[in-house]
Structures are given as structure tokens and as C-alpha cells.
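Trainee: Turn this into a structure:
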Amino acid sequence: MNRGIFYLIMAIVLWSGNYICGRFLADALPPHLLNTIRWVISTIILFAILFYKKKRIRLILNWKEFLISGFFGIFVFSTLLYWGLNYLTASQVGMITAFTPISILLFAIVLLRENISRQGLIGTVISVIGVFILFLGKSNAEEAGSWFGGILIILASLSWGIYTALSKKYSNKFDPLTFITGASFYGAILSAISCIGTVRVEHIQMTLETWLAVVYVSTLASVVAFIAWQIGVQQVGAGYSAPFMNLMPVCTLLFGIILLNETVTIISLIGGSISIVGALLASFPKPITERFLTQKRSEKL
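Mentor: Sure thing, here's the model as predicted:
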């Protein structure tokens with residue numbers, strides 16, 4: 001296996017574990033407090049890495065870029081994700097986040113003025129249909145709250161799409177490590193502010209297992225996964241790395257079933273599968289038909 005692909009898959013697996021831990025921690029910590037703890041720890045580690053690499057970061061001079069990116073990518077995205085996990089299983093969240101590549105594509109068009117191919121447009125429509133079917137699978141009375149949770153996850157995916165577009169927009173100004181460090185710094189501050197007057201001691205129910213889960217989301221699912229993804233992108237290329245994001249719903253589904261004994265309805269599985277197929281179609285860097293024709297021409301030569 002190509003080493004770059006190995007690192008990409010490692011990052012996806014670790015990020016999928018974040019969903020499992022978020023579901024596990026739903027009754028132990030309020031979502032905004034969990035997000036604050038996660039990113040305070042992660043920010044300290046990221047600053048340590050910057051110091052080790054002797055890199056400088058201008059938090060005051062570049063406050064606007066870091067603050068906006070931290071708001072969408074660290075504060076809003078993660079808080080909504082953990083909040084949604086209070087209402088949905090990790091498996092359901094994983095399948096709904098198949099919409100994330102579509103969100104990235106949409107905001108690349110809106111914020112970066114990128115063009116969308118016919119294949120991308122078709123994939124987007126298919127993925128949206130899949131997510132709609134997923135929501136139809138939540139019509140049972142005992143899952144009424146999951147509609148609200150599903151909306152939270154959709155909003156989280158949209159927020160991540162904005163963050164990804166911003167990271168690409170600022171890629172000429174910041175290297176990836178500096179960018180995520182600055183964003184996490186301001187995102188952690190915003191998350192901490194949201195805890196003021198909203199967190200009560202009785203809402204916190206920590207055990208050894210929950211603390212281990214917190215350590216996981218603060219290190220492996222944040223810093224290690226980020227570094228692995230960046231190494232993979234550098235070795236494989238940004239365009240061919242994007243479709244690997246579609247492995248996350250599959251990994252999360254499997255982890256939810258194996259580790260949390262979750263069950264998935266047939267209609268949810270169908271909707272999730274359709275959404276994943278649509279996202280795959282939309283996020284391939286080169287239209288499938290074009291690649292097929294190019295391959296055939298090369299074979300003839």
C-alpha cells in the first residue's frame with residue numbers, strides 16, 4: 001500500500017473514533033464543555049509542536065483569519081457535532097456526514113468561485129436525496145428528537161464546508177500547522193466563553209473511561225489525525241485525497257455497531273449508502289468518464 005494512502009486511512013479511522021467518543025461522552029459532559037476541553041488540550045499540543053519546529057505564529061496580527069476559521073471549524077462544527085450526538089447514534093451521524101464533501105464543494109463554489117462539473121452536480125443531487133431518505137427513516141415517535149439532531153449535524157457539515165474553503169483561501173498565507181494552531185486557539189476561546197453561565201456541576205459525570213475518551217478526542221482525533229492527513233495529502237495530492245473523506249461514514253457505522261452495539265434501520269442504511277455514492281461521484285477530482293476515456297486512449301497507444 002502506498003504510504004500516503006496509509007496515512008489518509010489512519011486519519012479517517014481516528015476521526016471516526018471521535019464520533020464514537022462523542023456519543024459515549026454525551027451523558028458525561030455538555031457538548032460545549034467537551035469541545036472546550038478538547039481544543040484547549042489540542043491547542044497546547046499544537047503550540048508545543050510549533051515551538052519544537054521553531055515556527056512563529058502571529059496570533060494578533062492575523063487575528064481576523066484565525067478567528068473566523070476558528071469560529072466555523074473549531075467552535076461551531078465541533079460543538080454542533082457533539083450536540084447532535086446527544087440525539088443520534090454515532091452510526092446515524094456518520095451517515096449524515098456523508099453530506100460533508102458536498103458542503104465543501106458548495107462553499108468552494110460560493111467562496112472560492114470554483115466551477116462545478118456536470119458529474120459534481122449530479123453527485124450533489126444524489127447525495128442530497130440520500131440525506132433526505134435518511135431523515136425519512138426517523139419517523140418513529142421515540143426518535144422525534146433525532147430530527148433536531150439531524151439538523152444539527154447538517155449545520156455542522158455546512159460549517160466544516162466553510163472552514164475548508166477558508167483553509168484553501170488562506171493556504172498561500174499560512175502553512176497547515178500554523179493555520180490549524182491559530183484556528184484552534186481562537187476556537188477554544190470562543191468555546192470557553194460559551195460555557196460561562198451555562199455549565200453546572202451536576203451536568204458533569206466523569207469516570208476513568210470518560211476521561212480516556214476525552215484524552216482520545218484531544219490527541220489522537222485532533223493532533224495525530226491532522227498530522228496524518230497532512231502527510232497523506234502531501235504524498236498523494238490534494239485532489240486524490242478528497243474522496244477518502246467518504247470512508248468516514250463507513251468507518252463510523254462499523255465502529256458504532258461493533259463498539260456501541262448500535263443498530264441501523266434498512267431505510268437509514270439505504271439513505272446513507274445513496275448519500276455516500278453521491279458524495280463519491282461529486283468529489284472525485286477528475287470526471288470518471290474522462291478518466292475512463294483517457295485510460296482507453298493510453299491502452300491503444
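
Trainee: Straight-line length of stretch 190-207, end to end?
Mentor: Using CA to CA, to the nearest Å, the end-to-end distance of stretch 190-207 comes out at 26 Å.

Trainee: pLDDT of that stretch, averaged?
Mentor: The pLDDT scores in stretch 190-207 average 88.

Trainee: so how far is stretch 213-224 from its chain's centroid?
Mentor: 14 Å (CA atoms, centre = their mean, to the nearest Å).

Trainee: what does it contact?
Mentor: Stretch 213-224 is contacted by residues 14-15, 17-18, 21-22, 24-25, 29, 34, 37-39, 41-42, 45-46, 49, 184 when judged by CB atoms under 8 Å, 6 or more residues apart in numbering. Bear in mind the C-beta positions are built from the backbone N, C-alpha and C, glycine included.

Trainee: average pLDDT across that stretch?
Mentor: pLDDT averaged over stretch 213-224 gives 93.

Trainee: now do stretch 64-78
Mentor: Averaging pLDDT along stretch 64-78 gives 95.

Trainee: Residues in contact with that stretch: which ones?
Mentor: So stretch 64-78 is contacted by 35, 38-39, 59, 155-156, 159-160, 162-164, 166-167, 170, 173-174, 179, 182-191, 194 (CB under 8 Å, 6+ apart).

Trainee: before we move on, what about stretch 265-277?
Mentor: Counting by CB under 8 Å, 6+ apart, 91-92, 94-96, 98-99, 126-138, 246, 249-250, 253, 264 sit against stretch 265-277.

Trainee: Filter these down to the buried ones.
Mentor: If you count burial by 16 or more other CB atoms under 10 Å, the buried members of the contacts of stretch 265-277 come out as 91-92, 94-96, 98-99, 126-127, 130-131, 133-135, 137-138, 246, 249-250, 253, 264.

Trainee: Okay, and which of these map to helices?
Mentor: The helices, defined by DSSP state H, take in 91-92, 94-96, 126-127, 130-131, 133-135, 249-250, 253 from the buried ones among the contacts of stretch 265-277.

Trainee: Check these and tell me the two furthest apart.
Mentor: Across those, the longest distance by CB to CB is 20.7 Å; it joins S91 and I126.

Trainee: now the helices: where do they sit in the stretch 1-150 of the chain?
Mentor: For the stretch 1-150 of the chain, the helices defined by DSSP state H, counting those that start in this stretch cover 3-24, 31-52, 63-70, 77-84, 90-96, 100-112, 118-136, 144-169.

Trainee: out of these, nearest to I258?
Mentor: Of all those, it is helix 3-24 that lies closest to I258, at 9.4 Å by CB to CB.

Trainee: and the direction of the closest one versus that of helix 31-52, what angle?
Mentor: Orientation of helix 3-24 against helix 31-52 (axes from the mean of the first three to the mean of the last three CA atoms, to 10 degrees) gives an angle of 150 degrees.

Trainee: which residues touch the nearest residue to F148 once chain neighbours are set aside?
Mentor: Closest residue in space to F148, ignoring its immediate chain neighbours: Y87 at 5.9 Å, by CB to CB, 6 or more residues apart in numbering. Counting by CB under 8 Å, 6+ apart, Y87 makes contact with 145-146, 148-150, 152.

Trainee: possible to save the helices of the stretch 1-150 of the chain as JSON lines with distance to L269?
Mentor: Output for those, formatted as JSON lines (distance: least, CB to CB, whole Å):
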{"stretch": "helix 3-24", "distance to L269": "17"}
{"stretch": "helix 31-52", "distance to L269": "26"}
{"stretch": "helix 63-70", "distance to L269": "35"}
{"stretch": "helix 77-84", "distance to L269": "19"}
{"stretch": "helix 90-96", "distance to L269": "8"}
{"stretch": "helix 100-112", "distance to L269": "19"}
{"stretch": "helix 118-136", "distance to L269": "9"}
{"stretch": "helix 144-169", "distance to L269": "15"}
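
Trainee: what's the least confident stretch among these?
Mentor: Across the helices of the stretch 1-150 of the chain, helix 118-136 has the smallest mean pLDDT, namely a mean of 76.

Trainee: Which elements pack onto it?
Mentor: Packing partners of helix 118-136 (3 or more CB pairs under 8 Å, 6 or more residues apart in numbering; DSSP states H and E): helix 90-96, helix 100-112, helix 144-169, helix 266-283.

Trainee: what about 7 Å?
Mentor: Counting contacts by 3 or more CB pairs under 7 Å, 6 or more residues apart in numbering; DSSP states H and E, helix 118-136 packs against helix 90-96, helix 100-112, helix 266-283.

Trainee: Tell me which residues of the longest one come out buried.
Mentor: Spelled out, it's helix 266-283. In terms of neighbour count (16+ other CB under 10 Å), helix 266-283 has its buried residues at 268-269, 271-283.
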